[in-house]
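1. What follows is a predicted structure for the sequence shown.
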Amino acid sequence: MKLLILDRDGVINLDSDEYIKSLDEWIPIPSAIAAIARLSQAGWTVAVATNQSGVARGYYDLATLESMHARLRELVAEQGGELGLIVYCPHGPDEGCDCRKPKPGMLRQIAAHYDRPLQGVWFVGDSKGDLEAALAVDCQPVLVKTGKGERTLAKPLPEGTLVFDDLAAVAAHLLT
């Protein structure tokens, strides 16, 4: 199985320092949706691991979060693709969970779901926490310059991190 794991905000959709609190605020990056569809059509399983502390902060509820994910699945399907497992951490940064990135709990959940080791699997994100989570489970850390990626790129990156302009560039690389 060819598995690719993505962060959500800043990789698949536009990010906001004010949080994405509603379906109206969830604005996909068109090239990212197309990239997921192309990867899926080529036999890749694309999963998502996303911190969603806005739930714990009371900015939105689980039903709203699920509506965003349903819309994401719908958009990918409209382009002939399928999105795999979506896991999220609804906890705040001080709750001490093991799922909130940079902790690797969500990535381990994906590995268990697909019964697949994560060694060498690409995890694409836009933040240092994404890259650190990838390293914690021996994934290949991949940074995109969308979302917070440019800010992340301005600081030292973990050794071996691959850098691409956006998810479309990642897909183009994987599909060549």
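-> Received, thanks.

2. use CA for all of it now, contacts and neighbours both
-> Will do.

3. partner strands of the longest strand anywhere in the chain, parallel or antiparallel?
-> Taking residue count as the measure and DSSP state E as the definition, the longest strand of the chain comes out as strand 44-51. Applying DSSP bridges to the sheet, strand 44-51 is found paired with strand 2-6 (parallel), strand 86-89 (parallel).

4. Quick one: closest of those to Val142.
-> strand 2-6 (9.4 Å; C-alpha to C-alpha).

5. neighbours around Thr50, how many?
-> The number of residues packed near Thr50 is 21, by other C-alpha atoms under 10 Å.

6. Of all the residues in stretch 117-131, which ones are buried?
-> Under the neighbour-count criterion of 16 or more other C-alpha atoms under 10 Å, stretch 117-131 has 118, 121-131 buried.

7. One more: stretch 134-149?
-> So, applying 16+ other C-alpha under 10 Å, buried residues of stretch 134-149: 134-135, 137-149.

8. repeat for stretch 160-168
-> When burial is assessed from 16+ other C-alpha under 10 Å, stretch 160-168 yields the following buried residues: 162-164, 166-168.

9. Kindly report the same for stretch 76-93.
-> Within stretch 76-93, the residues that qualify as buried are 76-77, 81-84, 86-92, counting by 16+ other C-alpha under 10 Å.

10. Alpha carbons of it, as PDB, please.
-> Taking Å, rounded to 0.1, in the frame of the first residue of the first chain, the C-alpha atoms of stretch 76-93 are listed here in PDB:
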ATOM      1  CA  VAL A  76     -12.100  15.100  -3.700                       C
ATOM      2  CA  ALA A  77     -14.800  12.700  -5.000                       C
ATOM      3  CA  GLU A  78     -16.000  15.300  -7.500                       C
ATOM      4  CA  GLN A  79     -12.600  15.100  -9.100                       C
ATOM      5  CA  GLY A  80     -12.600  11.300  -9.100                       C
ATOM      6  CA  GLY A  81     -10.600  10.600  -6.000                       C
ATOM      7  CA  GLU A  82     -11.100   9.200  -2.600                       C
ATOM      8  CA  LEU A  83      -9.800  10.400   0.700                       C
ATOM      9  CA  GLY A  84      -8.700   7.900   3.300                       C
ATOM     10  CA  LEU A  85      -8.900   8.100   7.100                       C
ATOM     11  CA  ILE A  86      -9.100  11.500   8.700                       C
ATOM     12  CA  VAL A  87      -8.000  11.600  12.400                       C
ATOM     13  CA  TYR A  88      -8.000  14.700  14.500                       C
ATOM     14  CA  CYS A  89      -6.900  15.900  18.000                       C
ATOM     15  CA  PRO A  90      -9.700  17.900  19.600                       C
ATOM     16  CA  HIS A  91      -7.600  18.700  22.700                       C
ATOM     17  CA  GLY A  92      -6.100  21.900  23.800                       C
ATOM     18  CA  PRO A  93      -2.300  22.300  24.000                       C
END
